[in-house]
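Undergrad: Fold the stuff below for me.
(one chain, ligands or ions: 3)
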Amino acid sequence: MDLAKLMRGESGLLVRAETRFRHKDGSWRTLEVMGTKFLDSAGDATCVLNSRDVTEQRLWEETLRHQALHDGITGLPNRACLRDRLQTLMHTGRRKPKPFALFILDLDSFKEMNDTFGHHCGDDILRQVAYRLQKHIRSADVVARMGGDEFALAVCLDSREDAAAVGGRILDALGPGYEVEGHKLSLSASVGAALFPEHAVGPDNLLRLADMAMYTAKRGGGGRFAIYDIERDSHSRDRIALQGELRDAFEREELRLHFQPFFDSTGKHVLGVEALARWQHPRRGLIMPGDFLETLGQDGLSRVFTAWVLKSALSQCTAWHEEGLDVDMAINLSARDLDDNQLPRLISKLLAENHIDPRRLTVELTEDTVMLEPERSRATLGALREIGVGVALDDFGCGHATFTWLRTLPFSRMKIDRSFVLNMAVQKEDAAIVRSAIGLGHDLGLTVVGEGVENLATMRLLKAFGCDILQGNYLGRPMPAKSAARHIARLSRDEDRETDEPESVLPGALLGAVPRSLPS
Ligand code: C2E
Ligand code: MG
Ligand code: MG
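TA: Numbers count the residues shown, from 1 in each chain. Ligands and ions are numbered 1, 2, ... in the order given. Predicted coordinates for the structure are as follows:
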């Protein structure tokens, strides 16, 4: 720093620095030093140095940083920290990154042990596993706890044979000899591995493939090792094949929106429709979003796609309003949309162009999407709420939202995941979860949607639990625009039909739903 130059300038802070020194009691202290320059009326400068001891503050900050990146039970790096480390291993500056294997291991009967001996013993077993992994797998660059009874190791090696050898060592390292409250226990695990760069070059994909391999080992009966096998993974082969074609799909206008109606709690009145994307492939037929959304992201087409969904859904909404079909619209967004700070502006513009009141649009984001980076989500969701658009937390119950985030993120609606709703009429545990989720949503001031209503019994239960909005194949499947309009119009003609009739005489399509204003 050029102090002489600084001294020629105006009054103000000149310099701020931190230094460490040894206290006479032998401890190391951190001192913050600030130099401020004052000019007197004659223009002469005086420099005043201030210092303060910031040792405790810096220690506290360091503790917080450590807690955010480490698991509280084992002290190992957590999932977020592992992801960072993987990224570093994959991008080592200008040097060519070294190949490595990512292992995921899941303990085989941990839940039973936890239930039998209690959580404090479960925690103790997790600490013993962490210790063994660190001690026995010396070659591991990273050992992390992913959550629950799942651990991960990244090990530099460059062949499948080496990966299989390390997989075997991991299985051996666990084995017998755990002491819990005077009992001697044995443990086994299912271990899966994926190789960088052979199988994937990004941390998320590598984690996903290692996870798939781990499930192959688990399906094989546990206590086994499996390496990701691209040949067996037909799903990924299909995806790779589709990847090249998506860009053309836009030009060839093969993408479609289907619309699924959602209803009030009686199942009678249609409140709106959710737009769901489909790809009408010339050879493969109708491709569902789960099979092409991820590829969209990899191809850098997310923005174009979301803009297309918004334009198509809103112009369809206006066309319906003009025909007298008074429906609200819901569309789905993906994680990449949360990165796009232009999105609120685009939505505002499209709403204005289509003369649609912003309150009639709801954007849906899954719990996992929002929780990828909750702080960033807060900014985008806040901007969307500011323009008057509703925001729904989709697939609630499947992801990792904490109560704190649920409370502080600006949602207007919560959609309970269909995996809980589907069987709630026959599974009392699912019914209990759905009832609690409805209570939680209401306590947070949210409108609650039950999705995946497949029968009358489920519809009645949801109504009895106080669910505000119902959606599902029993009431209406996702359909092309024309069929959706016909379906809604047909329901309106049967408006006197009771939804409480026995299931056998009441097909879903005839539930007597009525749009808020009838088609002319
Ligand atoms: P989602 O938003 O939770 O949509 C509901 C999914 O449940 C849809 O699957 C729908 O067809 C299905 N579903 C509805 N009722 C029932 C029922 O009664 N029983 C059963 N078993 N399933 C039912 P779909 O269309 O395959 O969409 C899957 C997911 O893909 C959506 O889940 C959404 O997260 C995503 N998605 C769909 N369209 C788009 C889009 O345009 N953009 C983005 N970013 N994501 C989309
Ligand atoms: Mg949705
Ligand atoms: Mg959903």
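Undergrad: contacting residues around Leu351?
TA: Neighbour list for Leu351: 314, 357-358, 361, 387, 389 [criterion: Cβ atoms under 8 Å, 6 or more residues apart in numbering]. Using the backbone N, CA and C atoms, a C-beta is placed for each residue, glycine as well.
Undergrad: can you rerun that using 7 Å?
TA: 314, 358, 361 (Cβ atoms under 7 Å, 6 or more residues apart in numbering).
Undergrad: Same list (the residues you listed) but as a markdown table, adding pLDDT and distance to ligand 3.
TA: A markdown table is the format used below for the contacts of Leu351 (pLDDT from 0 to 100; distance: Cβ to the ion, whole Å):
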| residue | pLDDT | distance to ligand 3 |
| --- | --- | --- |
| Leu314 | 98 | 21 |
| Pro358 | 98 | 22 |
| Leu361 | 98 | 17 |
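Undergrad: got the residues of the stretch 351-500 of the chain near ligand 1?
TA: Applying Cβ under 6 Å from any ligand atom, we find that the stretch 351-500 of the chain lies next to ligand 1 at 364, 366, 394-395, 418, 451-454, 472-473, 478.
Undergrad: Return the member of the contacts of Leu351 nearest to Gln57.
TA: Pro358 (44.4 Å; Cβ to Cβ).
Undergrad: The closest residue to that closest one other than its chain neighbours: neighbour count?
TA: Nearest-residue entry for Pro358: Gly388, 3.3 Å, with adjacent residues in sequence omitted and distances by Cβ to Cβ, 6 or more residues apart in numbering. Residues near Gly388, counting by other Cβ atoms under 10 Å, number 14.
Undergrad: quick one: pLDDT of Gly388?
TA: Per-residue confidence (pLDDT) for Gly388: 97.
Undergrad: returning to that earlier point: looking at the contacts of Leu351, which is nearest ligand 2?
TA: Using Cβ to the ion, Leu361 is the member of these that lies nearest ligand 2, at 13.2 Å.
Undergrad: Touching, the closest one and Val389? I think so.
TA: Yes - between Leu361 and Val389 there is a contact at 5.1 Å, judged by Cβ atoms under 7 Å.
Undergrad: who's more crowded, those two?
TA: More neighbours surround Leu361 than the other of Leu361 and Val389, with 25 against 21 (other Cβ under 10 Å).
Undergrad: Low-confidence regions, the stretch 51-200 of the chain specifically.
TA: 92-94 (pLDDT under 70).
Undergrad: For the stretch 51-200 of the chain, which segments count as helices?
TA: For the stretch 51-200 of the chain, applying DSSP state H, counting those that start in this stretch gives helices covering 55-69, 79-90, 110-117, 119-136, 160-174.
Undergrad: and the longest one, how far from the chain's centre?
TA: For helix 119-136, the distance between its averaged C-alpha position and the chain's averaged C-alpha position is 28 Å (Cα atoms, centre = their mean, to the nearest Å).
Undergrad: What of stretch 160-174?
TA: 31 Å.
Undergrad: Repeat that for stretch 361-369.
TA: 10 Å.
Undergrad: Show me which positions of it end up buried.
TA: Neighbour counts over stretch 361-369 (16 or more other Cβ atoms under 10 Å) mark 361-367, 369 as buried.
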